[in-house]
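Colleague: Turn this into a structure:
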Amino acid sequence: MSENIQETIVELINQASLYGKDTVRVQHLRHVQELILRKDPSLLDNFLEEVLGFQSDKSPEVRKTIISFIEEACQHDPEVIVKVIDSLQLLLYDDNILVQKKLVVSMITIYRLTLKWLSKSRLSDENVRSMWKSMANVKNSIITKLDSDNDGLRTVAIKFIEMLALVLSRRSQDSIIPASNEQDFSLNLLQEDHRILCRNKLEQEGKDVMEKLLEFTLSQHLSSVNLIAAMGAIANIARQRPDYMSRVVQTFEALQVNLPPTLVDSQVSSVRKIIKLKLLSLLKHPASLDFQPQITTLLTDLGATQAEVLKHLPKGPTEPKRKLTLSNNEINAKKSKLSTDDVHMFDKDDSNSGISGKGISPGGAHGSSGSSTSTHSSSSHPQHQTAIDITAADLVGKLSIGNVVDLVLVSMLHLPEKMPASFQSTYTPIAAAGTPAQIEHLARLLGAQLTAAGYGKGYELMKSQQQVKTSVDNDMDDGKLVSNSAGVARDGAYPSSSADVESKPNVLSAGDNESNDMLSTTAGLTTMSTIPGVQQKKMKPFKLADAIKPIEYDEMQRMSTDSFYRILNSEDVCETAGVGHVRKKTMTSLVCLSERSFRDIYEDYIFAEVRKRYDLAFAWLYQEYVYANGYLSILDPNKRKDFTKYDDTLCRLLDYLQEKPDQRDGLFSRLLTSAPLITDNALLVLKRYCQDENRCQFGMNTLRDLVFRRVNMREKFLDILLDFTHNENNSVRSNAIRIAKSLYEKEDFRQSIERHALKFLKHLTASQPPEALFGEDKKTSTIPADTWTEESIRLCLPLYLNLMPLNHQLIQPLATVYTAVNGDIKRVISRVLEIPVRGMGMNSPELLKLVENCPKGAETLVTRIISILTEQTAPSPALVEKVRDLYQKRVSDVRFLIPVLTGLEKREIISALPKLIKQSPPVVKEVFNRLLGLNASPEAPHTSPILPFELLVALHQISPEECELKTVMNATTLCFNERTIYTHNVLAIVIQQLVDINPIPVLFMRTVLQALSFYPKMVGFVMNILQRLITKQAWKQARIWEGFIKCCQKTRPHSFPLLIRLPPPQLKHVLQTAPELREGLIRHIRSMSAPQRSSIPSSILSVIEDNSETVSPEIRIQTIPTTTSAPTEQ
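Modeller: Next comes the predicted model:
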């Protein structure tokens, strides 16, 4: 039975090794896995290496299957881990993401098995230690996958870290272990004196990976999938390892107020639901008693009802539930009593020493007397106190009613006008607002946000503590004695500080003073009028100035502002009365003559409905231009031209219009094209607008309009546009080139654009990039300014290359510059030539002229151009003629002919073939691709002057004097690898033609053997060829005769009838060279009938039955000495 299974496994492995459908090969390997691991595990050692050989297979599905095999093999026999650890390391760095994911998932089981096996095993040899070291490397590599760009890979890495946190920690009495994980490894099972595993070190590693997972959960770049997976992992760890309960609850606290900003509304809702479910599951845990106030507060914020909270409280004593109910009753009873007295009470409390006493959570659970929830949690677990705890404790005393009201008022400035739908759907009313527990919860929320932003007492304290720790560690590393480190408190609770709220001075009302003044004034007037004997003065003439009082400046400003508003709001009335133009003139005049206030009001009025009121903006701009030029000399005849206000107005209008989300109305462009004067600052705004990736298309169109309409500034706008053709941003550069190409078709701009493009092309001959390439953004540019890089080289070329299809004469200056630059720049130019050269076409007269008059040093450029033109289409006769002439007269490098090979005659190809196959492997591959049409376009049929079988025959006929035999062998191998072209029919034609050549080519039998290995069904045809070789006395050529014997060995038993027909001396030589043929030949003769056996000459039978090792001199094989020293391997 075992032998049958072995044969089946061998057959399946052989079939899986052959090329075929991946699904079939995977099926064979799964069958092998079932036979070895489930039917006969004793065969695992025999076939392990053969199966692991598939780890480098091209198919990802095959590699995933091998990972499954390794995982199951380790489960069956953990000692196999020592043998497969190298394979696991190799597969971890696979190029395929799915293979990496599969390996990480399998490593969850393998790593757990490794720890369990090592804890029980007493092996400590070098192989086991090396395996454990490699396993640690694999573990560390998987942990780094948390920073991968792939969501799926990060998710499986989270599951792996969850496993690490569980196996590298100890179980406690409160641990809730699922039934499926009861047998899993934990540090409780590890002895302290283990030879390889150090329990303390492993435990510290577990704490480190747990901290990394918690930090990852709070990072701001997570997707919803990763965040949900991380929350599930930490919640599961807290249930199985209650020691982490405090850190997990704190993480959920921080996460609830610091969700990643990348989540959409639906994802935020889902994440909040998951947080709620995980907190409810933690609330059930017996170890959550110390954290119930925090958990219930969080659940209340997440919308959990009191019934849900009560339902999930841990089963046990009923005291907590009773307290919870009583607390709620107390809260409900006290809610109605909140009034102004409560406010004074809180002010009084805040002015003293902060809030203390019993903490009541929103769920109603009383905290322990004398300490709040957070303080209790911190004191119970001093080793877990974090920056959030310290900051929260510091904030509790500062959250007075006055401070909270100020915070709310400041926050309202940033609220949107409409309540977001996501907030409305997830908002829950704040239960027990104003209670100490709610204040402490609020402090913890603020502490979490402050810590995440890098502020707060806790953050600063932890930061300084870390710095002290780092310096202490450095001193200890240097061997120094640290004497003051004992003063640094590493554990224990930190005292919370509270700031007394300063009492605000009462604001005195001035009402009484004003009343007293009024009364005294009235009394004084009455007294003067009623005093007798006072002489009356003569009545003065009436003057208006004496009758009115001067208006205060503030009152004057208010009145003028109100008047201006009335003019703004009278639009409909003025339009009805037909005086709208008067209103417009009045408003623009007032704005131009007034100070900043009218300008701001007018701007807001225009921008409120800019599409409807854009004419007001244009009128305002023209009015500012009139005043700036001093045309209204009636105001100030001696006033000089001052365009400051005009420039400010234009730039403010442009800044607003460029920030509009919808730019399709074209108001930005219309304002610029209609403005009476474009200032330098306005040009800066235009440049920023053009460099905005989302608006660059509109900006470039604006530049084009300005070039056409602003004749006096045309050169300046054209220079700005052309400078953008070398911009680092691809979108900006593409749009600028698009406009430049459209302008290039106009004769007025052709010369300027060409001059600019040629200037930047010639910059490539300089030692470093020009300053003009970076412009005003040199400081923000990411491209080095002191040396040429591929990016800076490419930025000099795009405009010139895009103009080449429009003006073919530009190819000549490009070739001239090419000869003057270094190798790096030449390579970049060759890489970017494809699109412009294809745009020119191979029939371009200028291109043919370049080929004919190729400058010295530009040969590689011309070769690249011809290669691009002929890559998918056949070369034109004119191009072939130019290349042939250049090759024969000037350029002797045979590589120059490669692009036009399909245009040459067959005799020219055959004569150049020895030189072509001497080139580097990539070049030889390109030669065969062109001759065989492997890269031909599907639309254009491939035509080649030499057929595939003619090419292979010509290779065999190359003499050793022209080319080494090894080089010819490599060339024929390239042909054999193209199985779609060199089918068995083509190879049969080649072999048939080669056997007719006299003398037979040296590589003939090698070709026969390779054809037979590729197409085993050709064995009958090969027998006929061998028969012809006997008639041609192949033993006279040593290499042919050696190949004949090898072919007979490979084709047995088909070759036995053929061997009988050999002359006795040659047969004896065959049997001496390949003695394994003798036994098979004897069996073949014995299987023949008597008449058939009688037809065999007795000399042949005697040779077959003779087992002597020597050959008599008279029958020794005659060989023809070879004239080459090439290797004998076929």
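
Colleague: Outline the domain layout of this protein.
Modeller: Per the record, the chain has its domains at 559-691, 697-774+789-918, 1010-1089, by the TED database.

Colleague: mind checking the end-to-end distance for the second one?
Modeller: Across domain 697-774+789-918, the straight-line distance between its terminal residues is 52 Å, by C-alpha to C-alpha, to the nearest Å.

Colleague: same question for it, mean pLDDT?
Modeller: Averaged across domain 697-774+789-918, pLDDT comes to 87.

Colleague: now do stretch 54-67
Modeller: Here the average pLDDT along stretch 54-67 is 90.

Colleague: do the same with stretch 578-588
Modeller: On average, stretch 578-588 scores 86.

Colleague: For that stretch, what is the distance to the chain centroid?
Modeller: Centroid separation for stretch 578-588 versus its chain: 58 Å, with C-alpha atoms, centre = their mean, to the nearest Å.

Colleague: How about residues contacting that stretch?
Modeller: Stretch 578-588 has contacts (C-beta atoms under 8 Å, 6 or more residues apart in numbering) with 564, 567-568, 570-571, 574, 602, 615-616, 619-620, 623. For the C-beta atoms, the positions are set from N, CA and C on the backbone; glycine is no exception.

Colleague: picking that back up, could you export the domains of the chain as JSON lines, including mean neighbour count and distance to Ala387?
Modeller: Shown next, in JSON lines, are the domains of the chain (neighbours: other C-beta atoms under 10 Å; distance: least, C-beta to C-beta, whole Å):
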{"stretch": "domain 559-691", "mean neighbour count": "15", "distance to Ala387": "39"}
{"stretch": "domain 697-774+789-918", "mean neighbour count": "18", "distance to Ala387": "41"}
{"stretch": "domain 1010-1089", "mean neighbour count": "17", "distance to Ala387": "70"}
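
Colleague: Relative to Ile739, how far out is the nearest residue in space to Lys687 that is not next to it in sequence?
Modeller: Nearest residue to Lys687, sequence neighbours excluded (C-beta to C-beta, 6 or more residues apart in numbering): Ile720, at 6.6 Å. Ile720 is 11 Å from Ile739, where distance means C-beta to C-beta, to the nearest Å.

Colleague: hey, what's in contact with both of the two?
Modeller: The contact sets of Ile720 and Ile739 overlap at Leu703 (C-beta under 8 Å, 6+ apart).

Colleague: just to revisit the earlier point, the residue nearest to Lys687 belongs to a helix?
Modeller: Yes - assessed with DSSP: H, G, I helix; E, B strand; the rest coil, Ile720 lies in a helix.

Colleague: Now do the same contact list for it.
Modeller: 683, 686-687, 690, 703 are the contacts of Ile720 under C-beta under 8 Å, 6+ apart.

Colleague: Tell me which helix or strand Asp705 sits in.
Modeller: helix 696-709 (DSSP states H and E).

Colleague: what's that helix in contact with?
Modeller: 663, 666, 668-669, 672-673, 678, 686, 689-692, 713-714, 717-718, 720-721, 724, 729, 731-732, 735-736, 738-739, 742-743, 749.

Colleague: Same check on stretch 160-179?
Modeller: By C-beta under 8 Å, 6+ apart, stretch 160-179 touches 104, 107-108, 111-112, 115, 139, 142-143, 146, 184-188, 202-203, 205-207, 209-210, 212-213, 233-234, 236-237, 239-244, 285-287.

Colleague: are any of the residues you listed buried, and which?
Modeller: 104, 107-108, 111-112, 115, 139, 142-143, 146, 184-187, 202, 205-206, 209-210, 213, 233-234, 236-237, 239-244, 285, 287 (16 or more other C-beta atoms under 10 Å).

Colleague: hang on, Leu164 in a helix?
Modeller: Yes - assessed with three-state DSSP, Leu164 lies in a helix.

Colleague: pLDDT value on Thr114, please?
Modeller: With respect to pLDDT, Thr114 scores 91.

Colleague: Can you give me the buried ones in the one helix or strand it maps to?
Modeller: Here Thr114 sits within helix 97-120, counting by DSSP H and E. For helix 97-120, a neighbour-count test (16+ other C-beta under 10 Å) marks 99-104, 106-108, 110-119 as buried.

Colleague: now the end-to-end length of stretch 48-56.
Modeller: First residue to last in stretch 48-56 (C-alpha to C-alpha) measures 15 Å.

Colleague: Residues contacting it, please?
Modeller: Contacts for stretch 48-56 (C-beta under 8 Å, 6+ apart): 13, 16, 29, 32-33, 36, 62-63, 65-66, 69-70, 73, 80, 83-84, 87, 90-91.

Colleague: ok, now stretch 679-693?
Modeller: Applying C-beta under 8 Å, 6+ apart, the set of residues contacting stretch 679-693 is 643, 646-647, 650-651, 654-655, 658, 668, 672, 675, 695-696, 698-700, 702-703, 716, 720, 724, 727, 729, 731-732, 736, 776.

Colleague: residue boundaries of the helices in the stretch 1-150 of the chain?
Modeller: Secondary structure of the stretch 1-150 of the chain by DSSP state H, counting those that start in this stretch: the helices cover 2-17, 22-34, 44-52, 60-76, 81-92, 97-120, 126-143.

Colleague: Pull the longest one out as CSV, backbone CA atoms only.
Modeller: Output of helix 97-120 as CSV, limited to C-alpha atoms (Å, rounded to 0.1, in the frame of the first residue of the first chain):
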residue,chain,number,x,y,z
ILE,A,97,0.0,40.5,-1.7
LEU,A,98,-2.3,37.4,-1.5
VAL,A,99,0.6,35.1,-0.9
GLN,A,100,1.9,37.4,1.9
LYS,A,101,-1.6,37.5,3.5
LYS,A,102,-1.9,33.7,3.3
LEU,A,103,1.5,33.4,5.0
VAL,A,104,0.6,35.8,7.8
VAL,A,105,-2.6,33.9,8.5
SER,A,106,-0.7,30.6,8.6
MET,A,107,2.0,32.1,10.9
ILE,A,108,-0.7,32.6,13.5
THR,A,109,-0.9,28.9,13.9
ILE,A,110,2.8,28.1,13.3
TYR,A,111,4.1,30.6,15.8
ARG,A,112,1.7,29.3,18.5
LEU,A,113,2.7,25.7,17.7
THR,A,114,6.4,26.6,17.8
LEU,A,115,6.1,28.1,21.3
LYS,A,116,4.1,25.1,22.5
TRP,A,117,6.6,22.6,21.1
LEU,A,118,9.7,24.4,22.4
SER,A,119,8.1,24.7,25.9
LYS,A,120,7.7,20.9,26.1
